[in-house]
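J.: Give me a model of this one.
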Amino acid sequence: MFLTSTTELIELRGLRYHVRHWGTLDAPKLFLLHGWMDSSATFQFVVDAFQNAWHIIAPDWRGYGDSEWLGGPYWFPDYYADLDALLQHYSPDEPAQLVGHSMGANIAATFAGLRPQRVARLAMLDFLGLKPDPAIDAPAQIGKWLDEIAEQPRLRVYPDHGALARRLRFANPRLTVEQAEFLSRAVSRVTADGSVEMACDPWHKVASPALYRVEDAMAAWRRVTAPVLMVIAEKGFVNTRFGQEPDEFQRRIGSFSNVQIHTVADAGHNVHHDQPEIVAGLLEGFLQR
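T.: Residues are numbered from 1 along each chain as shown. Prediction:
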């Protein structure tokens, strides 16, 4: 049985934003920020595992879920401004506790360096920056972007929710049948012809023309004053990326002045799906009430 959420539509920076709430309004606020090609409902299993009362606030980022889709290229820094506006809307007078997965952790960690006074605690689920792009790749990257924006991007289509659920379990065998069935409906939409696709603007699949510069990210991380919890999945992105580069891992993690690191066994990149009880316990042991 899944804990029921409520949703609302608000306007942020001229866009319609869909925001999901769990818990009661008088409980401590906790913001959950989803990753790439996902949506707010992805946190359902962790929410179900929490032992304490929270007012959980989880947006669908622009172009995801039931938030407004641009139908054209996206500019990543808009997410920082959207988060700034979201916190001003729901927590104008007190710093916020942020939990981000993957892209959500990327946004939250950079924002916590840009607006350190607005973040009380930061938890990052399986993210520590991307592989840096060398400057010599810039022309090819921009050329790839030009090629991709010349055509309407499309998402993979499934005949029904059951087919999507099977695909989700194929991609992540740790998902239970019940979890896969829930996600197949919670993070998808039915198209006009009755088929099913992920509820994400296909323009998110288009490559960015900008190179990723880890030094820029680390400069922001060094400005973070909030305590940081780094949750690493044993079989996830961070271990895959840095398992053979321990010096680079230490260089990046050293950018945070106050960080705890926990590795979760038998979990892939979607650690919040694979081990929700463990993730919930780590979060509640770290967050303030």
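
J.: what about L30, is that helix, strand or coil?
T.: Under DSSP: H, G, I helix; E, B strand; the rest coil, the three-state class of L30 is strand.

J.: May I have the residues that are in contact with the residue nearest to it when sequence neighbours are not counted?
T.: The shortest distance from L30 to any non-neighbouring residue, by CB to CB, 6 or more residues apart in numbering, is to W54 (4.7 Å). C-beta here means a position set from N, CA and C on the backbone, and glycine is covered the same way. Neighbour list for W54: W22, G23, A27, P28, K29, L30 [criterion: CB atoms under 8 Å, 6 or more residues apart in numbering].

J.: Return a PyMOL selection command for the buried portion of those.
T.: Only the buried members of those enter the following PyMOL selection, criterion being 16 or more other CB atoms under 10 Å:
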select buried, resi 22+23+29+30
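
J.: Output the contacts of W54 in a markdown table; the columns should cover distance to V259 and pLDDT.
T.: Formatted as a markdown table, the contacts of W54 follow (distance: CB to CB, whole Å; pLDDT from 0 to 100):
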| residue | distance to V259 | pLDDT |
| --- | --- | --- |
| W22 | 27 | 98 |
| G23 | 27 | 97 |
| A27 | 26 | 97 |
| P28 | 22 | 97 |
| K29 | 22 | 98 |
| L30 | 19 | 99 |
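
J.: Which parts of this protein are helices?
T.: Assigned by DSSP state H, the helices in the chain fall at 44-49, 78-90, 103-114, 138-149, 161-171, 177-186, 214-221, 237-242, 246-253, 271-274, 276-286.

J.: Tabulate those helices (CSV), appending mean neighbour count and mean pLDDT.
T.: Below are these laid out as CSV (neighbours: other CB atoms under 10 Å; pLDDT from 0 to 100):
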stretch, mean neighbour count, mean pLDDT
helix 44-49, 21, 98
helix 78-90, 18, 99
helix 103-114, 24, 98
helix 138-149, 13, 93
helix 161-171, 16, 97
helix 177-186, 18, 96
helix 214-221, 16, 96
helix 237-242, 19, 94
helix 246-253, 14, 95
helix 271-274, 27, 98
helix 276-286, 18, 98
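
J.: Sheet partners, orientation included, of the strand with the most length in the chain?
T.: When the chain is parsed with DSSP state E, its longest strand is strand 15-23. Strand 15-23 pairs in its sheet with strand 6-12 (antiparallel), strand 55-59 (antiparallel), by DSSP bridges.

J.: among these, which is nearest R115?
T.: Closest approach to R115 among the strands paired with strand 15-23 (CB to CB): strand 6-12, 15.6 Å.

J.: could I get that closest one in CSV with only the CA atoms?
T.: These are the backbone C-alpha positions of strand 6-12, laid out as CSV (Å, rounded to 0.1, in the frame of the first residue of the first chain):
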residue,chain,number,x,y,z
THR,A,6,-1.7,15.4,-3.2
THR,A,7,-0.6,17.6,-6.0
GLU,A,8,-1.0,21.2,-7.0
LEU,A,9,-0.1,23.5,-10.0
ILE,A,10,1.7,26.7,-9.2
GLU,A,11,3.4,29.3,-11.4
LEU,A,12,7.1,29.6,-11.2
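
J.: Check the contacts of W54 and tell me the two furthest apart.
T.: Checked with CB to CB, the contacts of W54 reach their widest spread between W22 and P28, with 12.5 Å between them.

J.: shared neighbours of these two, anything?
T.: W54, H55.

J.: re earlier: could the helices of the chain be laid out in JSON lines, adding distance to H34?
T.: Rendered in JSON lines, the data for these read as follows (distance: least, CB to CB, whole Å):
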{"stretch": "helix 44-49", "distance to H34": "11"}
{"stretch": "helix 78-90", "distance to H34": "11"}
{"stretch": "helix 103-114", "distance to H34": "5"}
{"stretch": "helix 138-149", "distance to H34": "23"}
{"stretch": "helix 161-171", "distance to H34": "15"}
{"stretch": "helix 177-186", "distance to H34": "11"}
{"stretch": "helix 214-221", "distance to H34": "19"}
{"stretch": "helix 237-242", "distance to H34": "15"}
{"stretch": "helix 246-253", "distance to H34": "22"}
{"stretch": "helix 271-274", "distance to H34": "9"}
{"stretch": "helix 276-286", "distance to H34": "14"}
